[in-house]
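1. Structure, please.
(one chain, ligands or ions: 1)
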Amino acid sequence: MAEKYQNYIDGEWRDSLSGETFENRNPANWDEVVGIFPKSGKQEVDKAVAAARKAFNAWRLMPAPKRGMILKKVGDLMTQRKEEIARLMTREMGKVLAETRGDVQEGIDTAYYAAMEGRRLLGHNAPSELPNKMNLSFKIPVGVAGIITPWNFPMAIPTWKIFPALVCGNSVVFKPASDTPATATKLVKILVEAGVPEGVINIVHGGGSSVGMAIVQHPDVDLISFTGSSDVGSIINSSGGKDLKRISLELGGKNAQIVMQDANLHLALDGVLWGAFGTTGQRCTATSRLILHKDIHDKFMDMLGESANNLKLGDGLIESNQVGPVINEAAREKIHSYIDIGKNDGATMLTGGEFATDGDLSKGWFYKPTIFVDVKQGMRIEQEEIFGPVLSVIKVNDLDEAIKVLNGVEYGLSSSLYTQDVNNAFKAMRDINCGITYINGPTIGAEAHMPFGGTKRTGNGHREGGWEVYDFYTETKVVYVDFSGKLQKAQIDVEYE
Ligand code: UN1
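-> Purely as a prediction, here's the structure:
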């Protein structure tokens, strides 16, 4: 029997009000039901938001270092349960164990960073223009945070949002992707066990258009943090934005790796295999374009085509497998639809382009690593986010052209340049219009303590991770203290020679 899961609202585990449920199946073996979840909607969201609002006042008054200590315990519990969570995550969304362990580790790193941030949350002080007066600023929480997360990093991404939200003193209503509700529930159980009070953390399971939109439109939710597609992000932005909510969006990518003629080609090969086919290409940071200098194009393609064919597909629970399935049937259909699109636009398919169905693979959503060559700037496979194991290769004449191609998309998340020439490296660091650039590393693998996010349609200017995210989850409060004992007027009682 598959395990039955519940919502967590106002300190209680509860079924949906209607009693309706949805199933979550293993993408590597669709016969396996991982769990049964409450199918919820606006009414459950209303209850969760009311609980979060009620709990907010006491939580905001708890000293931030004490809130940080709860997050320290969260990190310790995640460390103890790392393997158990990683295995559940692999069953739930398919990526291989080494990667789901990494996903949990990213959450642990985020917990310990948040724990110590409870002792920082620094404000400023600045001199006053008047005597016997002090000016300072400090951070205060925003209120109720609505957190909506994707399935590709089912632990790391929720922690990027929930941990800073909590340490800053906000209460949280959390809607995880309906493809990964089990991992999300594990996280909430850990938060509760570590001592997050009733009502401060709530989880409501269900679809984006029901639960997600109810959170975005709720008048008592003060801020929204969402990771997902640019199209959904744009809907959230207009819907929540009209009520002047604070909104952080981390959206799509069409990330490219450039390989120059002077690069270490073996290093660049390892980089592109990991960047393009790790997580089955389902990262916002995945390498979906490879921009090759003309002098090494043919040689590099010989090396790459063979290596991509040798990648071992299979159930991520088996340690020797390198590439898991894609998340679900709709995703596989979408990926496959790009094969005809690429061919019709004139690209040449070098390898892949079909479902992988040998043996046990026939029971899951497996797709062969796919490479297109002869791709030209502007083709749809070169412009659109496919979110699967599909790589488009573009040949260029020099670095200027490479950067122009790299920048010529509507997204700006991650990017990479392989070169041994220091001048090329610095030029790329300056001129690539993305939130993240790797030199001699693949486009994936951001570290939890660094700001994460992108330019253009990748987001709306906010960053997750690192120190910057703490600005998103706080308001700046400015205080002036006048201890002169008389009325002093700024700008007026100031004598300048
Ligand atoms: C994502 O794909 O949304 O940098 C997040 C990386 C990971 C996070 C990816 N640490 O690839």
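2. need the residues of the stretch 351-497 of the chain near the ligand, please.
-> Ile444, Gly445, Ala446 (CB under 6 Å from any ligand atom). All C-beta atoms are positioned from the backbone trio N, CA, C, and that covers glycine.
3. Tell me the one of these nearest Gln6?
-> Ala446 (33.0 Å; CB to CB).
4. give the contact list for that closest one.
-> Ala446 sits next to Thr285, Ser414, Ile436, Phe452, Gly465 when contact means CB atoms under 8 Å, 6 or more residues apart in numbering.
5. same thing with Gly441?
-> Counting by CB under 8 Å, 6+ apart, Gly441 has contacts Gly271, Ser416.
6. any idea how far the ligand is from it?
-> 11 Å (CB to the nearest ligand atom, to the nearest Å).
7. Distance-wise, check that residue relative to Gly271.
-> For Gly441, the distance to Gly271 equals 6 Å [CB to CB, to the nearest Å].
8. which residues are in contact with both of the two?
-> Both Gly441 and Gly271 are contacted by Ser416, under the criterion CB under 8 Å, 6+ apart.
9. TSV for the residues of the stretch 351-497 of the chain next to the ligand, including pLDDT, secondary structure and distance to His336?
-> Converted to TSV, these look like this (pLDDT from 0 to 100; DSSP: H, G, I helix; E, B strand; the rest coil; distance: CB to CB, whole Å):
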residue	pLDDT	secondary structure	distance to His336
Ile444	98	coil	23
Gly445	96	coil	28
Ala446	97	coil	29
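10. State whether Phe37 is indeed within a helix.
-> No: assessed with DSSP: H, G, I helix; E, B strand; the rest coil, Phe37 is strand; it does not lie in a helix.
11. Count the neighbours of it for me.
-> The local packing of Phe37 (other CB atoms under 10 Å) involves 27 other residues.
12. re the thing from before, give me the buried entries from the contacts of Ala446.
-> Buried subset of these (neighbour count, 16 or more other CB atoms under 10 Å): Thr285, Ser414, Ile436, Phe452, Gly465.
13. Just give me the least confident of these.
-> The lowest pLDDT within the buried ones among the contacts of Ala446 belongs to Gly465, with 94.
14. could the contacts of Ala446 go into a markdown table alongside secondary structure and distance to Pro325?
-> As requested, the contacts of Ala446 are exported to a markdown table (DSSP: H, G, I helix; E, B strand; the rest coil; distance: CB to CB, whole Å):
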| residue | secondary structure | distance to Pro325 |
| --- | --- | --- |
| Thr285 | coil | 20 |
| Ser414 | strand | 23 |
| Ile436 | strand | 27 |
| Phe452 | strand | 26 |
| Gly465 | coil | 28 |
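15. same for the helix or strand where Ala51 lies, what does it pack against?
-> In this assignment (DSSP states H and E), Ala51 forms part of helix 42-61. Contact partners of helix 42-61 among helices and strands, from 3 or more CB pairs under 8 Å, 6 or more residues apart in numbering; DSSP states H and E: strand 7-9, strand 133-141, strand 144-148, strand 171-175, strand 201-203, helix 213-217.
16. Select, out of those, the one closest to the ligand.
-> Nearest to the ligand, of all those, is strand 144-148, at 13.2 Å by CB to the nearest ligand atom.
17. returning to that earlier point: compile the residues of the stretch 351-497 of the chain next to the ligand into a markdown table and extend it with columns for distance to Ala50.
-> Listed next are those as a markdown table, based on distance: CB to CB, whole Å:
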| residue | distance to Ala50 |
| --- | --- |
| Ile444 | 40 |
| Gly445 | 40 |
| Ala446 | 36 |
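18. Quick check: what element follows the helix holding Ala51 along the chain?
-> Where DSSP H and E defines the elements, the next helix or strand beyond helix 42-61 is helix 64-80.
19. Just the residues contacting that following helix, thanks.
-> 59, 85, 104, 107-108, 111-112, 114-119, 121, 163, 166-169, 190-191, 193-196.
20. could the helices and strands packed on helix 42-61 go into a markdown table alongside distance to Phe277 and mean neighbour count?
-> Output for the helices and strands packed on helix 42-61, formatted as a markdown table (distance: least, CB to CB, whole Å; neighbours: other CB atoms under 10 Å):
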| stretch | distance to Phe277 | mean neighbour count |
| --- | --- | --- |
| strand 7-9 | 36 | 25 |
| strand 133-141 | 41 | 16 |
| strand 144-148 | 28 | 28 |
| strand 171-175 | 30 | 29 |
| strand 201-203 | 32 | 29 |
| helix 213-217 | 34 | 23 |
